[in-house]
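# sequence unknown, structure follows:
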């Protein structure tokens, strides 16, 4: 039996009723047979302080260990002020330091976003992709999952009700699985 691809998923929002957390829940439900998704909550990661990067706080160590144990990442990002949330930026900054100990290097990653606005978090996704360049991460390019008007597409129980979005999430996860396998088989440059 083939080993499942281990994916670590997290949302860049702390709000319990977050639409982006709803996307993550939908992804867990829709994951292909060859994928196991573990969800990590960014709650408790303190503001990044370079003075502690050599010996980070326990919650940052836990986050970095979970990233290391995974083969790929799935990130759901809200859009705040045309960019990613401070919570998500802080978590990525914390995980990326020190550079000699970053578990993000070469990691395949897929992005989703949900917003009450009409662009569905598109601008946040593009800013996140810019960070991936410096972090040398490998994002899935298609399909793009951007849930707009989220208040009308997520029910009061936090379930994504928009069937087209659910299909796109399923396709995104299938693309992430294929991409991860492809990168796994490619020899790493030294």
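Received the coordinates, thanks. Note that the coordinates shown come from a computational prediction; the quantities given were computed from them, not determined experimentally.
# Neighbours of residue 23, how many?
By other Cβ atoms under 10 Å, 29 other residues sit near residue 23. From N, CA and C alone the C-beta is placed, and that goes for glycine too.
# Would you agree it falls within a strand?
No. Applying DSSP: H, G, I helix; E, B strand; the rest coil, one finds residue 23 to be helix, outside a strand.
# isn't it right next to residue 110, touching?
No. Applying Cβ atoms under 8 Å as the test, residue 23 and residue 110 come out as separate, 10.9 Å apart.
# so what's the most centrally placed residue in the chain bridging to?
Nearest to the geometric centre of the chain sits residue 75, at 1.3 Å (Cα atoms, centre = their mean). Residue 75 has these beta-bridge partners by DSSP bridges: residue 10, residue 111.
# what's the distance between it and residue 132?
Using Cβ to Cβ, to the nearest Å, residue 75 is found at 10 Å from residue 132.
# so who does residue 64 touch?
56, 94, 95, 101, 103 (Cβ atoms under 8 Å, 6 or more residues apart in numbering).
# Which secondary structure state is assigned to the last one?
Following three-state DSSP, residue 103 is assigned to coil.
# In contact with it, which residues?
Counting by Cβ under 8 Å, 6+ apart, residue 103 has contacts 64, 65, 67, 68, 95.
# what about the last one, how many neighbours?
If you count neighbours by other Cβ under 10 Å, residue 95 ends up with 23.
# Equivalent analysis for the fourth one, please.
Other residues near residue 68 come to 14 when the count uses other Cβ under 10 Å.
# Many thanks, have a good one.
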